[in-house]
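Peer 1: When you get a sec, could you give me coordinates for this:
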Amino acid sequence: MEKKNKKIVLKNTKESPSDFKVLIIITCGVLILFAIMYNIANHRPIAHIVTQGTNVSNSPVEVPEMVPVVSANMNAIDEEIRLIDLEIAKNPTAGLYFNKGVAYLNSFRYQDCIDTFTKSLEMDSSNSYAYLNRAYCLSSLSKYQEALNDLNKGLEINPNDYLLKERKIQVEESLK
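Peer 2: Here you go, the predicted structure:
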């Protein structure tokens, strides 16, 4: 049996570069998806998943207690917050307040985190992860009923989100 060597030849047309760009964009999207799945599988805290999305695998993965990662250099987090504040002063957006809330979460400043996620939600009440992160901070301060309320609001927005469901179970256990 003869094997024919096939060569892939990129046509020299106007459409080829845009096709190549689409391929690169798809590849980047797949890599980002794998990075998110890796973080979930390796029990990375939710604070590191800044973009919205859900756990697409319906496999029963135990969600760990969410523990913020403390930077060896707290000054780096303070600098990040300062830079976000400069951007907020120019053009306040829900996303900037969300990112600032994540920075507070990583530095265990739960009340500041709650206040900042509240500002984010006032600007965009459709961010289920803002509710999730605020619920984590509330439960860390033993405000379980308020945390449960936030988780229910997050589930109204994103009813199939595995992280919201699992966190709700944990908070309900704390209320017993």
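Peer 1: correct me, but R134 touches D150?
Peer 2: Yes: look at R134 against D150 with CB atoms under 8 Å: they come within range, at 5.2 Å. Bear in mind the C-beta positions are built from the backbone N, C-alpha and C, glycine included.
Peer 1: can I see the domain layout of this protein?
Peer 2: 15-44, 74-175 (automatic domain parsing).
Peer 1: Just say which of the ones you listed is most tucked in.
Peer 2: Among these, domain 74-175 has the highest mean neighbour count (mean count of other CB atoms under 10 Å), at a mean of 19.
Peer 1: and the domains of the chain, which one is worst for confidence?
Peer 2: With a mean of 57, domain 15-44 has the lowest mean pLDDT of the domains of the chain.
Peer 1: Please enumerate the helices of the protein.
Peer 2: Under the criterion DSSP state H, the chain contains helices at 15-41, 74-90, 94-106, 110-123, 128-140, 144-157, 162-175.
Peer 1: which strands and helices sit next to the second one?
Peer 2: It stands for helix 74-90. helix 94-106 (3 or more CB pairs under 8 Å, 6 or more residues apart in numbering; DSSP states H and E).
Peer 1: Check the third one too.
Peer 2: In terms of contacts (3+ CB pairs under 8 Å, 6+ apart), helix 94-106 is packed against helix 74-90, helix 110-123, helix 128-140.
Peer 1: I'd like those helices laid out as TSV, including distance to E156.
Peer 2: Listed next are those as TSV, based on distance: least, CB to CB, whole Å:
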stretch	distance to E156
helix 74-90	27
helix 110-123	13
helix 128-140	9
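Peer 1: Can you say which of those is nearest to E172?
Peer 2: Between E172 and the helices and strands packed on helix 94-106, the tightest spacing by CB to CB is seen for helix 128-140, at 10.6 Å.
Peer 1: relative orientation of the closest one and helix 94-106 in degrees?
Peer 2: 30 degrees (axes from the mean of the first three to the mean of the last three CA atoms, to 10 degrees).
Peer 1: what helices or strands is helix 128-140 leaning on?
Peer 2: Looks like helix 128-140 contacts helix 94-106, helix 110-123, helix 144-157, helix 162-175 (3+ CB pairs under 8 Å, 6+ apart).
Peer 1: For S126, which non-adjacent residue is closest in space?
Peer 2: Setting aside the residues directly before and after it, S126 is nearest to I157 in space (CB to CB, 6 or more residues apart in numbering), at 5.7 Å.
Peer 1: Thanks a lot, see you next time.
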